[in-house]
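J.: here's a sequence, model it:
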Amino acid sequence: MPSPDQPCGARIPAEMSGHLITNVRILDGTGREPFAGAVRVDGNRVADVAAGPVAARPGERVIDGRGATLMPGLIEPHAHLSFTDITSYEMTRLPPEEHLLATLRNARTMLDSGYTSALSAAAAKPRLDVVVKREIEAGRFPGPRLLANGPEITVTGGLGDSNLLHLPYHETPTFCWVADGPDAIRRVCRLLAREGVDLLKLNLSGDLGTSAWSSELTPMAEAEVAAAMEVARAGGLRVCAHCRSGDSVRLAVKHGIEVIYHANYCDEAALDALEGARDRVFVAPALGITYNLSQANGQWGVTPERVQGFERELAASVETIARMRKRGIRVLPGGDYGFVYTPHGTYARDLWLFVKLLGFSAMETLVAATRLGGEIMGHPGELGLVKPGALADLLLVDGDPLADIAILQDRGAIRMIMKDGVLHKSPGSAPA
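T.: Presented below is the predicted three-dimensional model:
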């Protein structure tokens, strides 16, 4: 591999036709400072990276970056493609036919926004993620590379259970599946495994949203968590969990859950547990939803009292995440986009929040959104990086995201989107 320290005129060895992206400032996702150079893509992989100008080979498509920033595609660790920019209650009434079409549109929006990979944190109906993933992988519809989930598995009164005693009961209201007791939990997990999910999602803690339990309480019992993990291990499935309370975080770590969302109210014992498992656990706080609701100012029917609750939760989150960072726990930006107050297409706002609220540098944020994103997707060292052998998921961005990370919220600034070596958006063109 030619080093970025080689003199100008370095030559990348010719092998086969593909793409040569020249005259770019390479932000490779590792945390090293950007450098001028060129990148060659063969098939769905980065073939070589070199400093300085590079000679094209016969039949190769040359893309002149004109000094723009070439970086890995962004990775969303808490995606909800089937959440359709409406309230939780409205999802129950959305017919499956319209819901599938909306989910496909959201998949395209995510890719158009520069997010080339997504780990789903739940689907609003059992098979939506699975079907959309198959359409994307077959090349019949554009979208990010996707790890599919089912509805969030919750207990009576837990997050997502919007049932009312005087109305007909729904086992799968909003975005969740209500199950009580280990046997019922096993049944739901087995059904979702049968339908082809990659992941399961458990709602261990309460929430300020559709939950009868507050964020600091943990309605799901340990035996129920253990039952879900029993099925997950038997089926080779990964598990993520909604965990705002300290108890829920400890419970998740104890039972081997590797993707933990929110973790707002971690006490020292919960932080100790996360630190002890930091080589296998990821935390995605999903600050966008809390931040936007804390700024509601009467929008979306959010009362002043609820705004105060979200303000308190945001303050707790900022403090907790600062303590996580000191312990070397992996914290990733992104999540919970798809509600009326966090619409699709605004995902990159979480990158800005990591800099604005959490004190991450722009470089630290982008490493978390690319290299660490590749790790959470299950492709460490080959996704979220610009290096030989890496999967060719690349963005060409006008401007410098390190100087102004908010530029990634502007889809117009993203000149090129490549996923798996295929151009979804070519420089100077609309998305394919």
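
J.: mean confidence score for stretch 118-136?
T.: Computed over stretch 118-136, the mean pLDDT rounds to 98.

J.: just the C-alphas of that stretch, formatted as PDB.
T.: Included here for stretch 118-136 are C-alpha records, laid out as PDB according to Å, rounded to 0.1, in the frame of the first residue of the first chain:
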ATOM      1  CA  ALA A 118     -27.900   1.300   9.500                       C
ATOM      2  CA  LEU A 119     -28.400  -0.900  12.500                       C
ATOM      3  CA  SER A 120     -32.200  -1.000  13.200                       C
ATOM      4  CA  ALA A 121     -33.400  -0.300  16.700                       C
ATOM      5  CA  ALA A 122     -36.900  -1.600  15.900                       C
ATOM      6  CA  ALA A 123     -39.500  -1.900  13.200                       C
ATOM      7  CA  ALA A 124     -43.000  -0.700  13.700                       C
ATOM      8  CA  LYS A 125     -44.500  -3.900  12.300                       C
ATOM      9  CA  PRO A 126     -42.900  -7.400  12.600                       C
ATOM     10  CA  ARG A 127     -41.700  -7.900   9.000                       C
ATOM     11  CA  LEU A 128     -41.100  -4.400   7.700                       C
ATOM     12  CA  ASP A 129     -37.300  -4.300   8.300                       C
ATOM     13  CA  VAL A 130     -36.900  -7.800   7.000                       C
ATOM     14  CA  VAL A 131     -38.700  -7.200   3.700                       C
ATOM     15  CA  VAL A 132     -37.000  -3.800   3.100                       C
ATOM     16  CA  LYS A 133     -33.600  -5.300   3.800                       C
ATOM     17  CA  ARG A 134     -34.300  -8.000   1.200                       C
ATOM     18  CA  GLU A 135     -35.300  -5.400  -1.400                       C
ATOM     19  CA  ILE A 136     -32.200  -3.300  -0.800                       C
END
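
J.: now it, how far from the centre of its chain.
T.: Distance, stretch centre to chain centre, for stretch 118-136: 13 Å (C-alpha atoms, centre = their mean, to the nearest Å).

J.: can you give me the buried ones in that stretch?
T.: Of the residues in stretch 118-136, those buried under the neighbour-count criterion (16 or more other C-beta atoms under 10 Å) are 118-133, 135-136. Just so you know, the C-beta spots here come from the backbone N, C-alpha and C atoms, and that holds for glycine as well.

J.: separation between residue 252 and residue 282?
T.: According to C-beta to C-beta, to the nearest Å, residue 252 stands 11 Å off from residue 282.

J.: ok, these two, which is more surrounded?
T.: Each of residue 252 and residue 282 has its neighbours counted (other C-beta atoms under 10 Å); residue 252 has more, 31 against 22.

J.: so what does the longest helix belonging to the chain touch, helix or strand wise?
T.: Longest helix in the chain, counting residues (DSSP state H): helix 304-326. When contacts are defined as 3 or more C-beta pairs under 8 Å, 6 or more residues apart in numbering; DSSP states H and E, helix 304-326 packs onto strand 259-265, helix 268-276, helix 287-294, strand 330-331.

J.: angle of the third one against strand 259-265?
T.: Going by axes from the mean of the first three to the mean of the last three C-alpha atoms, to 10 degrees, helix 287-294 is angled at 40 degrees with respect to strand 259-265.

J.: confirm that residue 417 sits in a strand.
T.: Yes: under DSSP: H, G, I helix; E, B strand; the rest coil, residue 417 falls within a strand.

J.: that one and residue 423 touch, don't they?
T.: Yes: Residue 417 lies in contact with residue 423 (C-beta atoms under 8 Å); the separation is 7.4 Å.

J.: so which of the helices and strands packed on helix 304-326 is the most surrounded?
T.: Per residue and on average, the most neighbours among those fall to strand 259-265, with a mean of 27 (mean count of other C-beta atoms under 10 Å).

J.: tell me the average confidence for that one?
T.: 98.

J.: what about it, distance to the chain center?
T.: In terms of C-alpha atoms, centre = their mean, the gap separating the centre of strand 259-265 from the centre of its chain is 14 Å.

J.: give the other helices and strands that it contacts.
T.: Counting by 3+ C-beta pairs under 8 Å, 6+ apart, strand 259-265 packs on strand 238-245, helix 246-254, helix 268-276, strand 282-284, helix 304-326.
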